[in-house]
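Peer 1: Next input, structure requested:
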Amino acid sequence: MAAAHGDLRHLLPGNYKRQIADWLEEDCPSLDYGGFVVGESEGEARLLGKSAGVLAGVPFFDEVFSQLGCSTEWHIQEGQSLPANTKTHCATVRGPIRKILLGERVALNILARCSGIATKSASTLAALRAQGWTGILAGTRKTTPGFRVVEKYGILVGGADPHRHDLSHMTMLKDNHVWACANNGAGQGGRTNPESIAAAIPKAVAAAKAAGGFATKVEVEVRSVEEADAAIAAGADVIMLDNFTPEGVREAARSLKEKWRGSGRAFLVEVSGGLTEENAPAYACADVDILSTSSIHQGTGIVDFSLKVSLR
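Peer 2: Numbering: from 1, shown residues only. Okay, the predicted model is just below:
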């Protein structure tokens, strides 16, 4: 994973700074009445981690206070686990007290959410590794509009894979794409019968490859081994077994790998649909390369942080 190979802040695009400026403006669009009471006294604030979890979101926290003319000194590293039932002094923010308080809630909201995602990603991955599975745990595109970069970042800090970041990152042909392709120009008002979907997959894959070229991978969501075979034969790079049972996944993944071994068709098997930390281990087996889920970033808990201010 990227977390094992260097400083993750080097992955961030320049536009995340504009997003933070927007979030600061959203929180204080006109007058800062509380700041008027405080004035311009210099001081510092201790960032305290108050619940167990994995620290994540350091670059975003730093940028909030940098834009307000404050500095941050970290005392623990991103990715480090925070203990339960202890107030951990994670960082010290220095600058005008008014500016520290102006950025407090925005910074804490980002840090709490990002750390919660990293924590859930790490615990789900640990549950899979505990049974010896060495494949990839990935997030999905079911992210919060305007907050995707933070959520994908948290996934990376937690040791999981961010999957595709947007519609331009990879071509994923889901059931609706294939249904639409099958019906395109047919003059039919309803969905095509299931038997014809496998026949429509090669057409959809060919169109995707023509548009994306050699540099864009193509993934196809399938509901049966027959559809998977059609996608592999058409040259799909990733086959997603969607909403299969654990037993169905094991049987389908094994049969696909055995059937196409030595054929020259290279593909990955991904499993998705309703996976959680509790049930994901049941789907993990040697023939499955990727388990993808939104449960590691959508609706997760937070890690609790607070800022405690003092004058210098």
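Peer 1: got the residue ranges for the strands in the protein?
Peer 2: Counting by DSSP state E, residue ranges of the strands within the chain are 42-49, 53-54, 71-74, 81-82, 88-96, 136-138, 171-173, 218-222, 238-242, 268-272, 290-292, 305-311.
Peer 1: Quick one, which of the ones you listed gets closest to residue 298.
Peer 2: Distances from residue 298 to each of the strands of the chain were compared using CB to CB; the minimum, 12.1 Å, belongs to strand 290-292. Every C-beta, even on glycine, is put in place using the N, C-alpha and C of the backbone.
Peer 1: in its sheet, what does that closest one sit against?
Peer 2: strand 136-138 (parallel), strand 268-272 (parallel) (DSSP bridges).
Peer 1: Other residues contacting that strand?
Peer 2: 128, 135-140, 161, 163, 238, 240, 268-272, 275, 280, 283-284 (CB atoms under 8 Å, 6 or more residues apart in numbering).
Peer 1: ok, residue 241 - contacts?
Peer 2: Applying CB under 8 Å, 6+ apart as the definition, the contact partners of residue 241 turn out to be 222, 228, 248, 249, 252, 253, 269, 270, 271, 272.
Peer 1: Quick one: buried ones out of those?
Peer 2: Buried positions within these, assessed by neighbour count (16 or more other CB atoms under 10 Å), are 222, 228, 249, 252, 253, 269, 270, 271, 272.
Peer 1: distance of the second one from residue 251?
Peer 2: Right, the one you point to is residue 228. As defined by CB to CB, to the nearest Å, residue 228 lies at a distance of 12 Å from residue 251.
Peer 1: Residue 257 is in contact with residue 225, correct?
Peer 2: No: contact between residue 225 and residue 257 fails when scored by CB atoms under 8 Å: they sit 11.6 Å apart.
Peer 1: what's the angle from the worst-scoring helix or strand of the chain on mean pLDDT to strand 218-222?
Peer 2: Ranked by mean pLDDT, DSSP states H and E, the weakest helix or strand in the chain is helix 175-183, scoring a mean of 82. When axes from the mean of the first three to the mean of the last three CA atoms, to 10 degrees is applied, the directions of helix 175-183 and strand 218-222 differ by 90 degrees.
Peer 1: who's in contact with helix 175-183?
Peer 2: Under the criterion CB under 8 Å, 6+ apart, residues 191-192, 196-197, 199-201, 203-204, 207, 220-221, 223, 242 lie in contact with helix 175-183.
Peer 1: export those residues to JSON lines and tack on pLDDT, neighbour count and distance to residue 302?
Peer 2: Converted to JSON lines, the contacts of helix 175-183 look like this (pLDDT from 0 to 100; neighbours: other CB atoms under 10 Å; distance: CB to CB, whole Å):
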{"residue": "191", "pLDDT": "54", "neighbour count": "14", "distance to residue 302": "41"}
{"residue": "192", "pLDDT": "51", "neighbour count": "17", "distance to residue 302": "44"}
{"residue": "196", "pLDDT": "74", "neighbour count": "14", "distance to residue 302": "47"}
{"residue": "197", "pLDDT": "81", "neighbour count": "22", "distance to residue 302": "41"}
{"residue": "199", "pLDDT": "86", "neighbour count": "13", "distance to residue 302": "47"}
{"residue": "200", "pLDDT": "89", "neighbour count": "21", "distance to residue 302": "43"}
{"residue": "201", "pLDDT": "93", "neighbour count": "27", "distance to residue 302": "41"}
{"residue": "203", "pLDDT": "91", "neighbour count": "14", "distance to residue 302": "45"}
{"residue": "204", "pLDDT": "93", "neighbour count": "25", "distance to residue 302": "40"}
{"residue": "207", "pLDDT": "93", "neighbour count": "16", "distance to residue 302": "42"}
{"residue": "220", "pLDDT": "97", "neighbour count": "30", "distance to residue 302": "36"}
{"residue": "221", "pLDDT": "96", "neighbour count": "24", "distance to residue 302": "31"}
{"residue": "223", "pLDDT": "93", "neighbour count": "17", "distance to residue 302": "36"}
{"residue": "242", "pLDDT": "92", "neighbour count": "18", "distance to residue 302": "30"}
